[in-house]
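Participant: Return atomic coordinates for the entry below.
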Amino acid sequence: MRSTILFLALLLGGAAAEAGDLAAPPFVAIPPVQVAGYHLDFARHFFASPEQEVAARRELEDRLKRLEALRGQVTQTPGALQEALRLDEQVPGRGPAPRRLSPSAPRGGYPGREERTG
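Facilitator: Residues are numbered from 1 along each chain as shown. Below you'll find the model as predicted:
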């Protein structure tokens with residue numbers, strides 16, 4: 001009985017040693033030769049310094065105040081409308097305002113009217 005247990009222990013010990021030889025190589029998230037491709041340019045995507053962030057926020061607040069000052073005036077002159085659209089498009093994250101061809105058309109078009117393809 002002891003010889004059987006000893007034999008099994010040696011057999012399992014040998015299997016464990018062999019499994020260690022077959023172990024996967026250490027995990028490397030980004031191989032060293034590809035590290036340069038994963039560089040994040042913080043100055044381009046965020047702010048290079050806290051001072052630049054403060055200046056950008058002041059500029060944004062100024063644009064928003066100028067845009068707010070045009071409220072109620074955009075229908076009076078074409079210049080006011082153009083200025084409001086220009087300021088609106090400069091607000092980060094907003095992009096150009098969606099424009100509809102007809103003010104009476106519902107958003108998404110008329111029910112039952114599908115686009116015709118040629």
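Participant: Local confidence estimate at Arg2?
Facilitator: pLDDT, Arg2: 69.
Participant: Which helix or strand lies directly C-terminal to the least confident helix or strand in the chain by mean pLDDT?
Facilitator: Every helix and strand of the chain was ranked by mean pLDDT, DSSP states H and E. The lowest is helix 2-21, at a mean of 60. Using DSSP states H and E, the helix or strand that follows helix 2-21 in sequence is helix 42-45.
Participant: Might you list the low-confidence residue ranges for this protein?
Facilitator: Along the chain, the model assigns pLDDT under 70 to residues 1-2, 6-21, 93-118.
Participant: one more time with 80
Facilitator: Confidence mapping of the chain against pLDDT under 80 gives the ranges 1-22, 39-45, 91-118.
Participant: What count of nearby residues applies to Glu83?
Facilitator: 17 (other CB atoms under 10 Å). From N, CA and C alone the C-beta is placed, and that goes for glycine too.
Participant: Which residues are in contact with it?
Facilitator: Shown in contact with Glu83 (CB atoms under 8 Å, 6 or more residues apart in numbering): 66, 70.
Participant: Can you give me the buried ones in the host helix or strand of it?
Facilitator: Element membership for Glu83, per DSSP H and E: helix 78-89. Residues 83-85, 87-88 are the ones in helix 78-89 that count as buried (16 or more other CB atoms under 10 Å).
Participant: next one: stretch 45-63
Facilitator: Buried, per 16+ other CB under 10 Å, within stretch 45-63: Arg63.
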